[in-house]
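J.: dropping a prediction and its sequence here:
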Amino acid sequence: MKSCCEGLEKQFDAKWAARELRRFRRRGPTRSTRLLVEAIAREDPKGATLLDIGGGVGAVQHLLIESGVRHAIDVDISRPYVEAARDEAERRGTIGRMRFLVADFLDVAETLEAADIVTLDRVICCYPEVEPLVRASAAHADRWLGLVYPRSSAPFRAAAAAANLIMFLRRSRFRAHVHDTSSVDSLIRSLGFEVRSVVRTLAWQVFLYEAVDQQV
Ligand SMILES: C[S@@+](CC[C@H](N)C(=O)[O-])C[C@H]1O[C@@H](n2cnc3c(N)ncnc32)[C@H](O)[C@@H]1O
């Protein structure tokens, strides 16, 4: 197993997943996830399909299914997160409209069909190989590509460096990555997408792109 995946599996373990699921059930999605879901819902995704990469407890999937998305696939490296997303789908009675996969998306991308919507909600900041991950995600997005990732200015880089030092001292292999906004944005535009909306919170940026040849 790649060392980054080992780090991710240990970071997002059963305890973490149970806590996140409890939080989601009590308080709903985090602010940045809510902003992503609202941006997609404004595009009227009724009947669309969703591929949620690194879906965690499945907040994006559960909420977009509620908004009329027909089918969702969740691919996540963390088994406890996938189990939590499945539990929540069972509780909501939407399990029949969802499919769950425990895998690194880059390892299974070729076996997965494209979807109308592809989301990476706080995922590229956990993964070192941003370019292949974004390329493969964009290649699977027939219409919309949504991303939430940290702002890349100096304070956020410093915070990530401090968090990574703590991880190193704790012997964790998990690392936070602050990717340069203009590089990520140029890459996605070069793959045939245009920005549909962008919203920023104190720490996060929420981008929704649309494939240029799909715009009406
Ligand atoms: C910080 S969590 C975010 C979870 C959820 N999207 C949210 O915003 O609450 C990052 C998730 O991305 C997953 N992940 C990171 N890189 C991935 C990859 N290449 N393929 C699949 N899952 C990935 C991790 O296992 C983890 O569950």
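T.: Yep, that arrived.

J.: what residue of this protein is the furthest out?
T.: Checked against the mean C-alpha position of the chain, the extreme residue using CA atoms, centre = their mean is Leu169, at a distance of 27.3 Å.

J.: from Ser182, how far out is it?
T.: 32 Å (CB to CB, to the nearest Å). All C-beta atoms are positioned from the backbone trio N, CA, C, and that covers glycine.

J.: just to revisit the earlier point, what's the pLDDT at the residue farthest from the centre of the chain?
T.: The predicted local confidence for Leu169 comes out at a pLDDT of 83.

J.: in the longest strand along the chain, what counts as buried?
T.: If each strand of the chain is counted by residues according to DSSP state E, the longest one is strand 141-150. Within strand 141-150, the residues that qualify as buried are 141-150, counting by 16 or more other CB atoms under 10 Å.

J.: which pair of those spans the longest distance?
T.: Using CB to CB, the two most remote members of the buried residues of strand 141-150 are Asp142 and Pro150, lying 27.2 Å apart.

J.: close to the ligand: what parts of the protein are there?
T.: Proximity of the chain to the ligand is confined to 8, 12, 33, 53-56, 59, 75-78, 81, 104-106, 121-123, 126-127, 133 under the rule CB under 6 Å from any ligand atom.

J.: need the buried ones from those selected in ChimeraX.
T.: One line in ChimeraX is enough to select the buried members of these, burial here meaning 16+ other CB under 10 Å:
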select :8,12,33,53,54,55,56,59,75,76,77,78,81,104,105,106,121,122,123,126,127,133
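
J.: so which of the residues of the chain next to the ligand sit within helices?
T.: 8, 33, 59, 81, 105-106, 133 (DSSP state H).

J.: go through those residues and name the one with the lowest pLDDT.
T.: Among those, Leu8 carries the weakest pLDDT, at 73.

J.: residues touching that residue, list them.
T.: By CB atoms under 8 Å, 6 or more residues apart in numbering, the contact set of Leu8 is 77-78, 126-127, 174.

J.: Ala14 too?
T.: Taking CB under 8 Å, 6+ apart as the definition of contact, the neighbours of Ala14 are Pro80.

J.: so where's this structure shaky on pLDDT?
T.: Scanning the chain for pLDDT under 70 picks out the ranges 1-6, 214-216.

J.: residue ranges of the helices in it, please?
T.: In chain order, the chain shows helices spanning 3-11, 14-27, 31-41, 59-66, 79-92, 105-108, 130-139, 154-169, 181-190, with DSSP H as the criterion.
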